[in-house]
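S.K.: I'd like to go over a predicted model; first the sequence, then the structure.
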Amino acid sequence: MFNTVLFPINQSQETLDATEVVMNIVQKYGSTLILLSVLEESPSAEGEAPEPMTSHDRVAELLEKVKAGFSKNGIEAKTIELKGKPAFTICDVADEEEVGLIIMGSRGMGLTDEGSKDSITNQVINLSPCPVLIVP
């Protein structure tokens, strides 16, 4: 049913919370797992440190850490690191890799009118070429 599962990751607690759901689905359906991290280049104000997901080294470290966690549970994963706008990049990868399901954690930012416009999760739901499972 879900031959390939795409799990976009970042350093949020929501990513950690969704990990168990991803493991269960991948194991149940014998799915191929793709871990995706999008390196977003966002301009920071003067004197501010760059956002965590704007550092290539941090993204690579995060991908390897999450991949190792899945590997300990007998799940091998393909990792992809790309630059771009997260929602569009996630959907592009889902289309290119013929993904059957995208699983994402949700920060709950879409509960307000302002948040719903900016929510990556909401954008992915609206643009995705496949089903999207949101883990609260």
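M.R.: In hand now; what should we look at? Numbers count the residues shown, from 1 in each chain.
S.K.: Which secondary structure element of the chain has the lowest mean pLDDT?
M.R.: helix 113-118 (a mean of 60; mean pLDDT, DSSP states H and E).
S.K.: Does anything pack onto the helix or strand harbouring residue 133? Which helices or strands?
M.R.: Here residue 133 sits within strand 132-135, counting by DSSP states H and E. Judged by 3 or more C-beta pairs under 8 Å, 6 or more residues apart in numbering; DSSP states H and E, the packing partners of strand 132-135 are helix 13-29, strand 101-105, helix 120-127. For glycine as for every other residue, the C-beta is placed from the backbone atoms N, C-alpha and C.
S.K.: out of the ones you listed, deepest packed?
M.R.: strand 101-105 (a mean of 23; mean count of other C-beta atoms under 10 Å).
S.K.: would you put the C-alpha positions of stretch 128-136 in CSV?
M.R.: Extracted in CSV, the C-alpha atoms of stretch 128-136 (Å, rounded to 0.1, in the frame of the first residue of the first chain):
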residue,chain,number,x,y,z
SER,A,128,1.2,16.9,-2.1
PRO,A,129,0.9,14.3,-4.9
CYS,A,130,0.1,11.6,-2.3
PRO,A,131,-1.6,11.2,1.1
VAL,A,132,-0.1,13.0,4.1
LEU,A,133,-0.2,11.7,7.6
ILE,A,134,0.1,14.4,10.3
VAL,A,135,1.3,13.3,13.7
PRO,A,136,0.2,15.8,16.4
